[in-house]
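*Asks:* sharing a model prediction with you, sequence too.
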Amino acid sequence: MGNIEIVLRDIAALDTDAVVNAANQDLRPGSGVCGAIFAAAGFEALRDACRAIGHCDTGSAVITPGFALKAKYVIHAVGPVWTDGLHGEPALLYGAYARALALAEAHGCRSVGFPLISTGVFGYPVAPAWETALRACAEHPEGGGDLQIVFAVRNRGIYARGIETLREIMEKRGDATEEASERIVIKKMETEDEIKGKAFVHWKSWQEAYPGMIGKQYLDRLTIEKCEQIAFNWQDGMLIAKDGERVIGFVGYGHREEDSPECGEVFALYVLSEYYGKGVGLRLMEDALERLKGYAEICLWTLKENKRAIRFYRKCGFVPDGREKTSKTIAAEEIRMVLKRQATVYRCLRTYESE
């Protein structure tokens, strides 16, 4: 939540990697925010780019170049027309924000500027619009990470309401995170239930995170039964995170025979998406690194297209060393990242947790 801010400013003037247009389904030029973005980007260029796409469903988003804007991209998010709040409007509005954030992440954006979608001619009331907008951003995997999210509004009353809502959500989120942190424990994987829980996290994480990044055939073959087989066969060098009796994440660590004797490795680290932003991945990494402290160098391999994971590993002190490989098994390219000094890791972890 520390990377979400609200400003009194024209959205078309934001110097973010992407700005979000409050669009209509036909992606036609409009008034208000839409008109301002079209005018600043270059009306004909943006109109032609939107015509080439043609349509966007309510609750979704599409992306075009930013043309003359400072922003590299314009993400066109279609929010719902307000009826009475009983016709799926909150879910559709949430979906528009979630899809816009996913597009920003997929295109390597480090910052994105939003208007308060649907509150113009679509008539969405301001208070519930803020609640849905800020909740969607806070719950997105990068909302608590290093994606800078800026809401730009020009009305002081709307601005004040947004600041108040953001403060309320931050307080609730802080209480929930502290409560969750007290419940969550990191431990060795020991029981059959824990092994099966780890297998579920493995399966669920791959199904959620990797479509479009790795071969569909491999994902289709990666059943829960296959993940259980892997989990039962790989119990050494495995730590799990538990919330009560539920396994919510795991990390595998150790040493490969083909590597230098001085090199340890983090083989895998996964957390259920509902626990993103709660420090679970950081705690798993820290405990794994503590167990690898005898190695002068620690490495890991990650998908080249997995920008979110790469940002996380960078925060932990890992940097790409230039080595890449193509895995025929998963039909994807991977890069190798290394950490040479653990003091750097712990400094980065403390900094990351304090943000």
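*Replies:* That came through, no problem.
*Asks:* ok so residue 206 is a helix residue?
*Replies:* Yes. Counting by DSSP: H, G, I helix; E, B strand; the rest coil, residue 206 is part of a helix.
*Asks:* hang on, it packs against residue 220?
*Replies:* No. Using C-beta atoms under 8 Å, residue 206 is not in contact with residue 220; the gap is 11.0 Å. Just so you know, the C-beta spots here come from the backbone N, C-alpha and C atoms, and that holds for glycine as well.
*Asks:* more neighbours: the two, which one.
*Replies:* residue 206 (18 against 9; other C-beta atoms under 10 Å).
*Asks:* excluding chain neighbours, what is closest to that one?
*Replies:* Take residue 206 and drop its neighbours on the chain: the residue closest to it by C-beta to C-beta, 6 or more residues apart in numbering is residue 222, 5.8 Å away.
*Asks:* ditto for residue 7
*Replies:* Residue 7 sits nearest to residue 152 (C-beta to C-beta, 6+ apart), 5.5 Å away.
*Asks:* could you pull up phi and psi at the one you found?
*Replies:* Phi and psi for residue 152, reported as degrees, to the nearest 10, are phi -110, psi 120.
*Asks:* ok, now which ones touch it?
*Replies:* Residue 152 makes contacts with 7-11, 14, 113-115, as judged by C-beta atoms under 8 Å, 6 or more residues apart in numbering.
*Asks:* again, only this time at 6 Å
*Replies:* With contacts defined as C-beta atoms under 6 Å, 6 or more residues apart in numbering, residue 152 is in contact with 7, 9, 11, 14, 113.
*Asks:* gap between the residue lying farthest from the centre of the chain and residue 296?
*Replies:* Most distant residue from the mean C-alpha position of the chain: residue 261, 34.9 Å away (C-alpha atoms, centre = their mean). Counting by C-beta to C-beta, to the nearest Å, the gap from residue 261 to residue 296 is 9 Å.
*Asks:* what does residue 204 give?
*Replies:* According to C-beta to C-beta, residue 204 and residue 296 sit 35 Å apart.
*Asks:* neighbour count: the two, which is higher?
*Replies:* Neighbours were counted for residue 204 and for residue 296 using other C-beta under 10 Å; residue 204 has more, 16 against 12.
*Asks:* chain neighbours aside, what residue packs nearest to that one?
*Replies:* Closest residue in space to residue 204, ignoring its immediate chain neighbours: residue 272 at 6.4 Å, by C-beta to C-beta, 6+ apart.
*Asks:* distance of that neighbour from residue 217?
*Replies:* For residue 272, the distance to residue 217 - C-beta to C-beta - is 25 Å.
*Asks:* between these two, which is the more surrounded one?
*Replies:* More crowded of residue 272 and residue 217, by other C-beta under 10 Å: residue 272, with 18 against 10.
*Asks:* wait, the more buried one touches residue 248, no?
*Replies:* Yes. Using C-beta atoms under 6 Å, residue 272 is in contact with residue 248, at 4.9 Å.
*Asks:* first-to-last residue distance for stretch 32-49?
*Replies:* Terminal residues of stretch 32-49 lie 20 Å apart, using C-alpha to C-alpha, to the nearest Å.
*Asks:* should've said stretch 204-221
*Replies:* Stretch 204-221 stretches 13 Å from its first residue to its last (C-alpha to C-alpha).
*Asks:* now stretch 256-275
*Replies:* Termini of stretch 256-275 sit 30 Å apart (C-alpha to C-alpha).
*Asks:* quick one, strands of the stretch 101-250 of the chain?
*Replies:* For the stretch 101-250 of the chain, the strands defined by DSSP state E, counting those that start in this stretch cover 111-114, 148-153, 184-188, 238-243, 246-254.
*Asks:* distance of residue 54 from residue 64?
*Replies:* Plainly put, residue 54 is 12 Å away from residue 64 if you go by C-beta to C-beta.
*Asks:* which residues in the stretch 251-355 of the chain form helices?
*Replies:* 280-291, 307-315, 342-354 (DSSP state H, counting those that start in this stretch).
*Asks:* what does the stretch 101-250 of the chain give?
*Replies:* 126-139, 156-183, 192-209, 216-221, 224-233.
*Asks:* buried sites along the third one?
*Replies:* Within helix 192-209, the residues that qualify as buried are 194-195, 197-206, 209, counting by 16 or more other C-beta atoms under 10 Å.
*Asks:* I would like the residues contacting stretch 102-121, please.
*Replies:* With C-beta under 6 Å, 6+ apart as the test, stretch 102-121 has contacts from 11, 14, 16-20, 22, 32-33, 61, 63, 75, 77, 79, 93, 96, 124, 126, 129, 142, 148-153, 307.
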